[in-house]
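Student: The following comprises the amino acid sequence and a computationally predicted model.
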Amino acid sequence: MPEVVTLPPVNTPDLSFYNSRRYGLTLAVVMAVFFYLFLIFFLPFGVSNFDPDHQYTIEFLLEISHFLGITLVAGLVNELVVKPAVLKRVSTRTIIAWSIWTLLLLGMANFLTYNILGNWHDFHFSSAVMFVVNCSTVLIFPLVGTFFYFRYRSLQEKIDHFQSGTRTNLDVEQLITFAGAGAKDKIALSVSTFLYVRAHDNYAAIHYLEQGRPVRQLIRASLGGLMESITHEAVVRCHRSYLVNLVHVQAVKGGKKTMTLYVGPASTPVPTSNSYRQVVREGLHRLKHFA
């Protein structure tokens, strides 16, 4: 009997926005402006140094603008030049690591600016550490805020083409049989429980619901071989590595050139490729009234 691996019902986040130029540009501008405003109102690094009687002059505002400029330039280079070359895969771990690097970089850039303006009067290691910590304490707010704003926008885009209602005469309890190369590589699932299949080398990972929880089962089979034996209209090939049950498509993101399906209760993203996109669109139109 093939091994059945139970997976936790975790929503796979869409973090594709993190490497976009729009995100990088927005983050650099927001961090620079936030830092500049903080330095103006809390002179500098903390409320303990705030002087309510301080007189704001043009010279003062221009002097503080050096930090606005260096934060903006360093942020733009970091986000638009360095990150695309270094950060190839986006995950929670890489985002945390990159955020730490960003805070260190901007902190050191501002420390050097501070010493240049002050004729290198405090160029000590302990001072640099304290300066970077203070900068990071301030800049973490616009960094985190920008990330969650774009994350929220990404989730909102998922429902741009939100689908509702499956065709009423579709038999969702009909069994679909997946048969692999071995005698024991076989599993039959109802349309209401089968989610999608993903190819893994010589194996196919069949994802389905068991008591409402996403699980998967590996069988020795190719997607082409599985597709030849399946005749149910709700099951289509959407990618060279994926078969998908259109009944469980909860949302569609994209347009004519790109399309991502969000499948099952966890809204797992499943890609589509050019060669299968028309078949997927026709199936969604037939089963879920997709325009």
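Tutor: Right, received. Where do you want to start?

Student: Endpoint to endpoint, stretch 115-126 covers what distance?
Tutor: 14 Å (Cα to Cα, to the nearest Å).

Student: List the buried residues in it.
Tutor: By neighbour count on 16 or more other Cβ atoms under 10 Å, the buried set for stretch 115-126 is residue 115. From N, CA and C alone the C-beta is placed, and that goes for glycine too.

Student: could you give the mean pLDDT of that stretch?
Tutor: When pLDDT is averaged over stretch 115-126, the result is 87.

Student: Which residues does that stretch contact?
Tutor: 63, 66, 114 (Cβ atoms under 8 Å, 6 or more residues apart in numbering).

Student: What separation do you get for residue 148 and residue 141?
Tutor: 11 Å (Cβ to Cβ, to the nearest Å).

Student: Have a look at the two and say which one is more surrounded.
Tutor: residue 141 (14 against 9; other Cβ atoms under 10 Å).

Student: next one: whatever helix or strand that one lives in to chain centre, how far?
Tutor: Residue 141 belongs to helix 125-158 when elements are defined using DSSP states H and E. Relative to the centre of its chain, helix 125-158 is centred 17 Å away, using Cα atoms, centre = their mean, to the nearest Å.

Student: Now it: buried residues?
Tutor: 128, 131-132, 134-136, 138-139, 142-143, 146-147, 150, 154, 158.

Student: any idea of the mean pLDDT for the one helix or strand residue 35 maps to?
Tutor: Under the criterion of DSSP H and E, residue 35 resides in helix 21-41. What helix 21-41 shows for mean pLDDT is 93.

Student: Can you check what angle separates it from helix 125-158?
Tutor: Per axes from the mean of the first three to the mean of the last three Cα atoms, to 10 degrees, the angle that helix 21-41 makes with helix 125-158 is 130 degrees.

Student: Which other helices and strands does helix 21-41 contact?
Tutor: Packing partners of helix 21-41 (3 or more Cβ pairs under 8 Å, 6 or more residues apart in numbering; DSSP states H and E): helix 58-77, helix 92-117, helix 125-158.

Student: 10 Å - rerun?
Tutor: helix 58-77, helix 83-86, helix 92-117, helix 125-158 (3 or more Cβ pairs under 10 Å, 6 or more residues apart in numbering; DSSP states H and E).

Student: any idea which of the ones you listed scores lowest on pLDDT?
Tutor: Minimum mean pLDDT among the helices and strands packed on helix 21-41: helix 125-158, a mean of 89.

Student: between it and helix 92-117, how many degrees?
Tutor: Orientation of helix 125-158 against helix 92-117 (the same axes, to 10 degrees) gives an angle of 140 degrees.

Student: Just give the strands next to the following helix or strand past helix 125-158 in its sheet, each with its orientation.
Tutor: The helix or strand immediately downstream of helix 125-158 is strand 175-179, counting by DSSP H and E. Take DSSP bridges as the rule and strand 175-179 pairs in its sheet with strand 186-190 (antiparallel).

Student: in the partner strand, what counts as buried?
Tutor: By neighbour count on 16+ other Cβ under 10 Å, the buried set for strand 186-190 is 187, 189.

Student: Next, the residues that contact that strand from outside, please.
Tutor: By Cβ atoms under 10 Å, 6 or more residues apart in numbering, the surrounding residues in contact with strand 186-190 are 1-2, 4, 171-180, 194-195, 206-210, 217, 219, 221, 245.

Student: what's the answer for stretch 143-160, then?
Tutor: By Cβ under 10 Å, 6+ apart, stretch 143-160 touches 11, 13-18, 20, 22-24, 26-31, 34, 75, 95, 99, 102-103, 106, 136, 250-255, 260, 262, 267, 269.

Student: Separate out the buried members of those.
Tutor: Neighbour-count burial (16+ other Cβ under 10 Å) is assigned, among those, to 14-15, 18, 23-24, 26-31, 34, 75, 99, 102-103, 106, 136, 250-253, 260, 262, 267, 269.
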